[in-house]
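Peer 1: I'd like to go over a predicted model; first the sequence, then the structure.
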Amino acid sequence: MTKSNPFEIAQKQLDDCAKILNLDPGVHEFLRHPRREFHVSIPVRMDDGSIKIFQGYRVQYNDALGPCKGGIRYHPDETIDTVRALAAWMTWKTSLLGLPLGGGKGGVICNPKELSTGEQERLCRGYVDMVWQNIGPERDVPAPDVYTTPQMMAWMMDEYSKLTGSNNFGCITGKPLCVGGSCGRSDATARGGMYALREAARELGIDLSRATIAIQGYGNAGSYAHSLAKELFGSKVVAVSDSKGGAFNPAGIEPAEASSVKAETCTVASIPDAKRISNEELLELNVDILIVAALENVITKENAGNIKAKIILELANGPTTPEADEILFNNKVHVIPDFLANAGGVTVSYFEMVQNIMRYCWSFEEVYQRLDERMTMAYQGVLAASRQYNINMRQAAYTVAVARVVDAMKTRGWV
Ligand SMILES: NC(=O)C1=CN([C@@H]2O[C@H](COP(=O)(O)OP(=O)(O)OC[C@H]3O[C@@H](n4cnc5c(N)ncnc54)[C@H](O)[C@@H]3O)[C@@H](O)[C@H]2O)C=CC1
Ligand SMILES: O=C(O)CCC(=O)C(=O)O
């Protein structure tokens, strides 16, 4: 099976939306491509004294609604097309949530698991050295994504501050609390997803306190989804997985156990008393809710028909291909699409920017309440559009988000 190109998928999704909105062909073509992108070579002094060159990218997809915003991914399989797709999805995400921000994304081809702490720090500073003139609070504000951490954001913020000669905390989000981070950013992606899930369950008449859940991916998004599903709803998580495989226990898996096993063995697959399963098997389990929280293209036309969950919460970006979307819609599986489901992260990143610029420090309660309001409003808006046009939830999210970006472009006189 050939691996689908995420940017071609993002473009196909936009093409479907252009038809529904009857978009002007020129406007449609403009939105199919990033406005600007940077390709950089980053020299890093390795611990053995050698110099290694890493390839990096920053894509600024569209900034009609405000400065670009989006994470930086470190991954050995990173490609420019993955970054382009992620930057496009960021554009629709910030728009859908009503944030005064555009969409961007960054990436570096590397495996941080193979780098020492010192090498990671030099790579983070080197990345900023290459892009600092093109980012910043008024231009483009990066954040964490797959295999990047709050500590890395702190090094990047520090490098940017040194280069600009001021304490520029608002240049990057997802920072640790002691250097301008926000309460609630660490679990924001999963928490926002839980608020959307609560709305969907209410709509479908599913009692979350009795629901069973399987979670693919056990990093920032997936592990917090596990603990929050238990804390907020009392749901039973029966399966979890990461890049090394999965574990299934119909009696339920405790978040504390999964986290401690992962800390000790580097994988959740070795949880005792659980059956080892593959990532593919996890997707097809007989559960009420499937949470995908790893990478792109995991739900495809090959496996979509075998999915038994009633709700899919897409905390990952781009986990479902367009062919799979059609199958899921026909099978009445309620998909909470990525740029709605995982928008909690960028929403609290936006709160972090606001606090940095205004020198505020909001409490956890203030952050949770503001996040809940935005996620609930976004979910209800998408549901209403899906009913109005009889389209799936992803197409509905696109219609709301793209219309706002087009309106801003027209008002600014771009098109
Ligand atoms: N961290 C954030 O604030 C946000 C993250 N996302 C998305 O959520 C997804 C996960 O990101 P994070 O949790 O931040 O990353 P992370 O780096 O904290 O964790 C990634 C997890 O995915 C697992 N994984 C990697 N390859 C896998 C595979 N082939 N099969 C199964 N599991 C695999 C890893 O083992 C790890 O547990 C990504 O799609 C990311 O773009 C979306 C919005 C915000
Ligand atoms: O927090 C942010 O600014 C963006 C997070 C991100 O990369 C995403 O939502 O995919």
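Peer 2: Right, received. Where do you want to start? Ligands and ions are numbered 1, 2, ... in the order given.

Peer 1: give me every residue that touches P43.
Peer 2: Residues in contact with P43 (CB atoms under 8 Å, 6 or more residues apart in numbering) are 51-53, 126. Placement of C-beta: from N, CA and C, glycine included.

Peer 1: Any chance of a PyMOL selection covering the buried ones in those residues?
Peer 2: Selection of buried members from those for PyMOL, criterion 16 or more other CB atoms under 10 Å:
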select buried, resi 126
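
Peer 1: so what's the residue of the chain found nearest ligand 1 up against?
Peer 2: Residue nearest to ligand 1 within the chain: G219 (1.7 Å; CB to the nearest ligand atom). For G219, the contacting residues are 146-147, 242, 293-294, by CB under 8 Å, 6+ apart.

Peer 1: which two from those end up farthest apart in space?
Peer 2: The two members of those with the most space between them (CB to CB) are Y147 and A293, at 13.7 Å.

Peer 1: what is the closest residue to S278 other than its chain neighbours paired to in the beta sheet?
Peer 2: Nearest non-adjacent residue to S278, counting by CB to CB, 6 or more residues apart in numbering: G245, 6.1 Å away. Counting by DSSP bridges, G245 is bridged to D242.

Peer 1: For the stretch 101-250 of the chain, which segments count as helices?
Peer 2: Taking DSSP state H, counting those that start in this stretch, the helices of the stretch 101-250 of the chain run over residues 117-131, 150-164, 188-204, 220-228.

Peer 1: Now do the second one: distance to the chain's middle.
Peer 2: For helix 150-164, the separation from the chain centroid amounts to 22 Å (computed by CA atoms, centre = their mean, to the nearest Å).

Peer 1: Does that helix reach ligand 2?
Peer 2: No - judged by CB under 6 Å from any ligand atom, helix 150-164 and ligand 2 are separated, with a smallest distance of 9.6 Å.

Peer 1: Same drill for Y147 and A293, tell me which one is more crowded.
Peer 2: Each of Y147 and A293 had its neighbours counted (other CB atoms under 10 Å), and the higher figure belongs to A293 (29 against 20).

Peer 1: pLDDT value on that one, please?
Peer 2: Note on A293: pLDDT of 98.

Peer 1: for S4, same thing?
Peer 2: 88.

Peer 1: Find the closest residue to ligand 2 in the stretch 301-415 of the chain.
Peer 2: Of all residues in the stretch 301-415 of the chain, the one sitting closest to ligand 2 is S349 (3.3 Å; CB to the nearest ligand atom).

Peer 1: My error: substitute the chain in the last question.
Peer 2: G71 (2.6 Å).

Peer 1: number of nearby residues for that residue?
Peer 2: The burial count assigned to G71 is 24, neighbours taken as other CB under 10 Å.

Peer 1: any idea of the angle the helix or strand harbouring V348 forms with helix 220-228?
Peer 2: Element membership for V348 (DSSP states H and E) is helix 344-358. Here the directions of helix 344-358 and helix 220-228 differ by 100 degrees (axes from the mean of the first three to the mean of the last three CA atoms, to 10 degrees).

Peer 1: residue boundaries of the strands in the stretch 301-415 of the chain?
Peer 2: 311-314, 334-336 (DSSP state E, counting those that start in this stretch).
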